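Participant: Prediction below, plus the sequence it came from.
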Amino acid sequence: MSQINRENGYKTKQRELVLEYLKKENRCVSAEEIINALGASKATVYRNLDHFVNEGIVLRFSGDVGKSAVYRYNKNHIGHFHLKCISCGKTMCADCNFIKQVEKHFMDHHGFELSKSQTVFYGTCSDCR
């Protein structure tokens with residue numbers, strides 16, 4: 001019988017390969033990149049990504065208009081917001097006191113809790129400026 005754990009659920013070779021790829025890349029990647037890198041079927045990759053997102057193991061960021069979503073492994077990547085360059089698509093972590101003040105402001109003044117796993121600030125990175 002298969003072993004079960006938080007990261008893999010039912011262990012399958014494809015599930016392990018998808019997760020290992022995400023861990024190794026340590027950046028946001030599209031499902032298409034995973035499909036091409038692993039030679040896995042589209043259905044297999046999307047099924048496993050959905051599983052990982054539902055379990056909180058992988059973060060899913062909506063793609064720009066006309067572009068696919070991207071995914072990032074979530075281990076030690078929890079509790080902060082992200083910055084995404086609209087020119088090159090690079091995604092960076094934003095974990096600073098100012099962002100924490102913004103988060104606190106929304107809660108204190110608007111009674112609104114921001115979702116760290118889904119909040120992305122868009123702009124232009126220093127390399128593209």
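Facilitator: The structure has been received and is ready for your questions.
Participant: Please report how far residue 110 lies from residue 58.
Facilitator: 29 Å (Cβ to Cβ, to the nearest Å). All C-beta atoms are positioned from the backbone trio N, CA, C, and that covers glycine.
Participant: Between those two, which is the more surrounded one?
Facilitator: A count of neighbours by other Cβ atoms under 10 Å puts residue 58 above the other of residue 110 and residue 58, at 24 against 9.
Participant: wait, doesn't that one sit right on residue 50?
Facilitator: No - using Cβ atoms under 8 Å, residue 58 is not in contact with residue 50, being 9.3 Å away.
Participant: quick one, what contacts residue 87?
Facilitator: 124-125, 128 (Cβ atoms under 8 Å, 6 or more residues apart in numbering).
Participant: Now do the helix or strand containing residue 47: which elements does it pack against?
Facilitator: Using DSSP states H and E, residue 47 sits in helix 42-55. If contacts are counted by 3 or more Cβ pairs under 8 Å, 6 or more residues apart in numbering; DSSP states H and E, helix 42-55 sits against helix 13-25, helix 31-38, strand 58-61, strand 70-73.
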